[in-house]
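[1] Sequence first, predicted coordinates after that:
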Amino acid sequence: DGIAINTAEMQLTYQALDELTTDFAIAWLPSLKTKQAVALYLERSAWWPIAMLAVMKTGRAYCPLNQSDPLQRHIDIIADASIQAIVCLEQDVSFAHSVNLPVLSLVGQLPQDIALPVIQQDDIAYILFTSGSTGRPKGVKMPHSVLSNLLAWQLSTVPAVDTLGFAPYYFDVAFQEMFTTFGQGKTWSSLEDTHLRDFIAYADALLNTRHQRIFLPFVALQQLALVFSVKDVYPSELLTVITAGEALQMTPEIRQWLKAVPKLQLINQYGPTESHVVTAFTVEHEKAESLPPIGQPIWNTRLYILDESLQWVLPGSEGQLYIGGDALALGYTDEVQTQQKFIENPYLSGERIYATGDWVKRDEAEQLHYVGRQDSQLKVRGYRVECGEIEQKLLQLDGVEQVVAVVEQQQIIVFWQGAARKGALEAESKKSFPSYMQPDEWHSVSDMKLTASGKINRQALLASRQTAVADTSLEPLSALAEKIRI
């Protein structure tokens, strides 16, 4: 009788969830002629996990579509993933027709006498699409074996508590936050889409309920910490915050949150879409570094720090991170892209490793530290520049809430959010960085543009230099304070 799902429109017990998803899966099976994937085209609601579970029970992979994406991107994804059908609500049937896909209905289904297939570990659970350098998105095929390993590890490391959801369902963390919760027999709750960009509303939900776990990217975590800082009150019931997706920075607001709630566990996780989570580190409140480590590998995962010749780098030296073991996706929907990134392991015959494009180093305590993207460690005026170093230093200034440094056409461009003046940032830059790292442009912004998954949208920031963008994804502290006072 335990509650599995709790949203504004419905509440489902575990028994009801199992019966409902089984009924849908059985009803859909006669329409699914092949093992090809099924698309999900849904707004944020309880129908997300219902549809995900039902599709997986049919033995097919689900492939989520972001409703805000343009039609051509949907068409590209549907073709690349060889989608055979789509799950959507009645109001979105016209979209299904526009992409020429049969609809698997979420209207009540009559039970049929059909046996569900047995799921194999090598079966694909989902196909998620990420941005591709070719201009077309890359579809990552994730098998059940990887997710089983992740959940077995995750369930052994965190307490069994209720979760307030945040991640969009077309983002891999959505699977993690839902199924970690379901695996513990606890309740997964979700707010409406509009509240996920309203951090005052999200903060109030945490303050006024008994949710004890959240999964947030750093940018969202920092905004939430800013709200609590202004309110000067923190959610006492919250036990675990898991952050991933972008490099964690220990800002003054996040430090204050940890100081105010000593029992709070802050876990920094790392993993690309091609593997999901592969490392984790629990932040020590008093000893937290400005840029905490990404930690050590999870179960059954092998990590390699290699140079350009695929040779091990010396301890403490930087190199590209390669992932092996049981954490790897099967590859991409495009076999050529798979062969480029999933390569033969030079140290273990018969195994593949994935080239992440991320640079890391290992410290004396065997903890991995994220250094930056291979493609963000750019040469400017003949010197190597790591944007993260600039961001971290400037973020320590009073009145600076967020900082993003971008390199474009040999120019270093800094965007900052907060009350700090340009002169203060310039003075800190001149004091801290060599001449070749001095920014060429400074832009104060009222909001930091976000991607759909909650990460900083650097291209949108660059575009905002010429175009006024009327989006308010993240508000500065002064605006938050004014709203809270009202």
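    The structure has been received and is ready for your questions.

[2] From now on I want contacts and neighbour counts done on CA atoms only, so please keep to that.
    Fine.

[3] End to end on stretch 276-283, go ahead and measure it.
    20 Å (Cα to Cα, to the nearest Å).

[4] Give me the residues contacting it.
    If you take Cα atoms under 8 Å, 6 or more residues apart in numbering as the criterion, stretch 276-283 is touched by 150, 172, 265-271, 292-298, 301, 327.

[5] Now the buried members of the residues you listed.
    When the contacts of stretch 276-283 are checked for burial by 16 or more other Cα atoms under 10 Å, the buried set is 150, 172, 265-271, 292-298, 301, 327.

[6] mind listing which of the contacts of stretch 276-283 are in helices?
    150, 172 (DSSP state H).

[7] Return, as residue ranges, the portions of the stretch 151-300 of the chain with sub-threshold pLDDT.
    Residue ranges of the stretch 151-300 of the chain with pLDDT under 70: 194-195.

[8] Can you show me the strands along it?
    163-164, 188-189, 213-216, 240-243, 265-270, 279-282, 296-297 (DSSP state E, counting those that start in this stretch).

[9] Make JSON lines out of the ones you listed and add distance to Gly350.
    As requested, those are exported to JSON lines (distance: least, Cα to Cα, whole Å):
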{"stretch": "strand 163-164", "distance to Gly350": "39"}
{"stretch": "strand 188-189", "distance to Gly350": "39"}
{"stretch": "strand 213-216", "distance to Gly350": "35"}
{"stretch": "strand 240-243", "distance to Gly350": "33"}
{"stretch": "strand 265-270", "distance to Gly350": "25"}
{"stretch": "strand 279-282", "distance to Gly350": "23"}
{"stretch": "strand 296-297", "distance to Gly350": "21"}
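
[10] out of these, which comes closest to Ser105?
    strand 188-189 (23.6 Å; Cα to Cα).

[11] strands paired with that closest one, and their directions?
    Strand 188-189 pairs in its sheet with strand 3-6 (parallel), strand 163-164 (parallel), by DSSP bridges.

[12] ok, residues contacting it?
    Contact partners of strand 188-189, identified using Cα under 8 Å, 6+ apart, comprise 4-7, 162-165, 177-178, 181-182.

[13] returning to that earlier point: make JSON lines out of the strands paired with strand 188-189 and add distance to Tyr202.
    Shown next, in JSON lines, are the strands paired with strand 188-189 (distance: least, Cα to Cα, whole Å):
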{"stretch": "strand 3-6", "distance to Tyr202": "15"}
{"stretch": "strand 163-164", "distance to Tyr202": "9"}
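
[14] Buried deepest among those strands, which one?
    Most buried of the strands paired with strand 188-189 by mean neighbour count (mean count of other Cα atoms under 10 Å) is strand 163-164; its value is a mean of 26.

[15] So what touches that strand?
    Here strand 163-164 makes contact (Cα under 8 Å, 6+ apart) with 177-178, 181, 186-191, 206, 211-214.

[16] cool, stretch 360-371 as well?
    Residues outside stretch 360-371 that contact it (Cα under 8 Å, 6+ apart) are 247, 292-296, 305, 315-321, 358-359, 372, 388.

[17] how long is that stretch from one end to the other?
    First-to-last residue span, stretch 360-371, Cα to Cα: 5 Å.

[18] Run the chain-centre distance for it.
    22 Å (Cα atoms, centre = their mean, to the nearest Å).

[19] How about that stretch, which residues are buried there?
    Buried positions in stretch 360-371, judged by neighbour count with 16+ other Cα under 10 Å: 360-362, 367-371.

[20] of all these, which two lie farthest apart?
    Across the buried residues of stretch 360-371 (Cα to Cα), the longest gap, 12.7 Å, separates Gln367 and Val371.

[21] what's the spacing between Glu386 and Tyr322?
    For Glu386 relative to Tyr322 (Cα to Cα), the value is 20 Å.

[22] What of Val360?
    As judged by Cα to Cα, Val360 and Tyr322 stand 10 Å apart.

[23] Are there residues contacting both of these two? Which ones?
    Counting by Cα under 8 Å, 6+ apart, the residues touching both Val360 and Tyr322 are Ile305.

[24] Where do the helices of the protein begin and end?
    Under DSSP H, the chain gives helices at 14-28, 47-57, 71-80, 93-98, 144-157, 172-183, 199-208, 218-231, 252-260, 335-341, 387-395, 422-432, 458-463, 477-485.

[25] okay if I get those helices as JSON lines plus distance to Glu351?
    Listed next are those as JSON lines, based on distance: least, Cα to Cα, whole Å:
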{"stretch": "helix 14-28", "distance to Glu351": "35"}
{"stretch": "helix 47-57", "distance to Glu351": "27"}
{"stretch": "helix 71-80", "distance to Glu351": "26"}
{"stretch": "helix 93-98", "distance to Glu351": "40"}
{"stretch": "helix 144-157", "distance to Glu351": "15"}
{"stretch": "helix 172-183", "distance to Glu351": "24"}
{"stretch": "helix 199-208", "distance to Glu351": "43"}
{"stretch": "helix 218-231", "distance to Glu351": "33"}
{"stretch": "helix 252-260", "distance to Glu351": "40"}
{"stretch": "helix 335-341", "distance to Glu351": "13"}
{"stretch": "helix 387-395", "distance to Glu351": "33"}
{"stretch": "helix 422-432", "distance to Glu351": "44"}
{"stretch": "helix 458-463", "distance to Glu351": "35"}
{"stretch": "helix 477-485", "distance to Glu351": "49"}
